[in-house]
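Visitor: I would like the atomic coordinates for the input below:
(one chain, ligands or ions: 2)
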Amino acid sequence: MTKLSVNINKFATLRNARGGNLPDIIQVARDCERFGADGITVHPRPDERHIRYQDVRDLKPIVTTEFNIEGYPSQDFMDLVLEVKPHQCTLVPDPPGVITSNTGWDTIQHQSFLKDVIGTLKKAGIRVSIFLNPEIDKVAGAKSAGADRIELYTGPYAEEYTKARTQPQNFRLFNDYKNTAKEASAAGLELNAGHDLNLDNLRFFKLHIPQLKEVSIGHALVCDAIYMGLENTIQLYKRQLQD
Ligand SMILES: CC(=O)[C@@H](O)[C@H](O)COP(=O)(O)O
Ligand SMILES: NCC(=O)COP(=O)(O)O
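Guide: Ligands and ions are numbered 1, 2, ... in the order given. Below is the predicted model of the structure:
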């Protein structure tokens, strides 16, 4: 069974729209766990447009499953992660103003930076995953930088998957995902995945990438919850992740 970490960013977007505390992020995290989530993911961004740094501090004592903090390792981000000490930190190469994450690390170009950052996090006992495109040649760089896991960036998969339903012969990109997953596994790296996964495309990914340990899902899951309710939605996603 692949674990489902629910990314609660978009609940914070809704809360921030009115300036009050509705929905209450702490209660949302508790309820996600109560409804079956195996973990809680947050991605505090420099402008704090959804998850705020204080939310991350407040979540730490109440998350009873796996706590995963994602983000670009700026000094502020590193200070926060080292203070909070989540189970896992996922490093993402986001420039400050980006609308959402849109690429993985170039582990060759940024090798020495990643090595320093990962070394610091691991010294604090935090598992480190790094966000990677489905590029087999970046896996060795992730390994030598000291990562424990990679998170495959599934944005391009999600885009192509919609096309692939009608033109499967054009779905060559998927081989890159399969090969990158195999390479990671052979290098001793565990495998996460995330971005734009949803109830349509999740099962296919899970079935063809047997190494998949964990997915983090936010945007589509929150949208589905509007129609189907949070408990039901979490259960539907979990069903897609069964072996
Ligand atoms: C790394 C990743 O793919 C997710 O964290 C995604 O970027 C969600 O962030 P937003 O909710 O800000 O779009
Ligand atoms: N790491 C991916 C994540 O946390 C959620 O991405 P999305 O489902 O909001 O696109």
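
Visitor: got a list of contacts for the helix or strand bottoming out on mean pLDDT in the chain?
Guide: Ranking every helix and strand in the chain by mean pLDDT, DSSP states H and E puts helix 155-164 at the bottom, with a mean of 88. Under the criterion C-beta atoms under 8 Å, 6 or more residues apart in numbering, residues 101-102, 133-134, 170-171, 173-174, 177, 195-198, 200-201, 204-205 lie in contact with helix 155-164. From N, CA and C alone the C-beta is placed, and that goes for glycine too.

Visitor: and stretch 196-215, by the same measure?
Guide: 2-5, 38-39, 66, 149, 152, 154-155, 157-159, 161-162, 174, 177-178, 181-182, 184-185, 190-194, 217, 219-221, 224, 236-237, 240-241.

Visitor: buried sites along stretch 203-214?
Guide: By 16 or more other C-beta atoms under 10 Å, the buried positions in stretch 203-214 come out as 204-206, 209, 211-212, 214.

Visitor: can you list those residues in TSV and add pLDDT?
Guide: What follows is the buried residues of stretch 203-214, written out as TSV (pLDDT from 0 to 100):
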residue	pLDDT
F204	93
F205	94
K206	96
I209	95
Q211	96
L212	98
E214	98
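
Visitor: can you pull out the strands in the protein?
Guide: With DSSP state E as the criterion, the chain has strands at 3-7, 39-42, 66-71, 88-91, 127-132, 149-153, 190-194, 212-217.

Visitor: save those as JSON lines, and put in distance to Q111 too.
Guide: Listed next are the strands of the chain as JSON lines, based on distance: least, C-beta to C-beta, whole Å:
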{"stretch": "strand 3-7", "distance to Q111": "27"}
{"stretch": "strand 39-42", "distance to Q111": "26"}
{"stretch": "strand 66-71", "distance to Q111": "20"}
{"stretch": "strand 88-91", "distance to Q111": "13"}
{"stretch": "strand 127-132", "distance to Q111": "11"}
{"stretch": "strand 149-153", "distance to Q111": "15"}
{"stretch": "strand 190-194", "distance to Q111": "20"}
{"stretch": "strand 212-217", "distance to Q111": "24"}
